[in-house]
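1. Below is the structure, and that's it, no one-letter string:
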């Protein structure tokens, strides 16, 4: 935290490994007496865009209970254990295999990080490009909370159209897409 920010008090409402919800009273640089706020604390996550040697991107179609629909997304997952550069990279590699059935034979390209919804959660997502992925079906290992129905390659133009048409609605996927475009490494 930067100077002037301080948690004055906190009351927990929910405490699970993947989600903690608290009412916090937080002093800010302009409000030193503090302001009450509901905060959803989430573990750090990794989101990875698998790109095939041909230049297409692999997305997974999975059920998302909160929005009661299936969504197209880049593989993503929460970092388990301590947070370090190594654990974040390990999570990205793990999710490539578990969710998309691919591995990246080279190095992942870091695209930085972003906060998924700064108005209510501290969830920080680290973004990666996985160039030249190869299929490795033996890595697929969906966890009990996942219902992944399909892995599909999207050519860059198809991915752009799916985002423009509202077929792709996942914030993580759109953040990776935006970062890839902004850095000029989308195609």
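-> Received it, and whenever you're ready, just let me know what you need. Please read all numbers here as calculations on a predicted model, not as lab measurements.

2. List the residues that contact residue 22.
-> Contacts of residue 22 were listed using CB atoms under 8 Å, 6 or more residues apart in numbering, and they are 10, 11, 12, 13, 38, 39, 41. (Glycine included, C-beta is placed from N, CA and C.)

3. In strands only, show me those residues.
-> 10, 11, 12, 13, 38, 39, 41 (DSSP state E).

4. What number of neighbouring residues does the third one come out with?
-> By other CB atoms under 10 Å, 11 other residues sit near residue 12.

5. Just give the nearest non-adjacent residue to it, would you?
-> Spatial nearest neighbour of residue 12, chain neighbours left out: residue 22 (5.0 Å); criterion: CB to CB, 6 or more residues apart in numbering.

6. Which residue lies nearest the spatial centre of the protein?
-> Central residue of the chain (CA atoms, centre = their mean): residue 47, 3.9 Å from the mean position.

7. Which residues are in contact with that one?
-> 74, 75, 76, 92, 125, 126, 127, 128, 172, 173, 175, 176.

8. how about a cut-off of 10 Å?
-> Contacts of residue 47 were listed using CB atoms under 10 Å, 6 or more residues apart in numbering, and they are 73-77, 91-92, 95, 111, 113-114, 116, 125-128, 170-173, 175-176, 179.

9. With residue 105 as the reference, measure out to the residue nearest to residue 12.
-> Here residue 22 is placed at a distance of 42 Å from residue 105 (CB to CB, to the nearest Å).

10. go on, residue 23?
-> For residue 23, the distance to residue 105 - CB to CB - is 47 Å.

11. just residue 181 next, same as before
-> 25 Å.

12. Ok, residue 55 next?
-> For residue 55, the distance to residue 105 - CB to CB - is 16 Å.

13. burial of residue 19, as a residue count?
-> 14.

14. Give me the pLDDT value at it.
-> Model confidence at residue 19, given as pLDDT, is 88.

15. list the contacts for the most far-flung residue of the chain relative to its centre?
-> Most distant residue from the mean C-alpha position of the chain: residue 33, 34.0 Å away (CA atoms, centre = their mean). Counting by CB under 10 Å, 6+ apart, residue 33 touches 8, 25, 27.

16. This completes my enquiry, with thanks.
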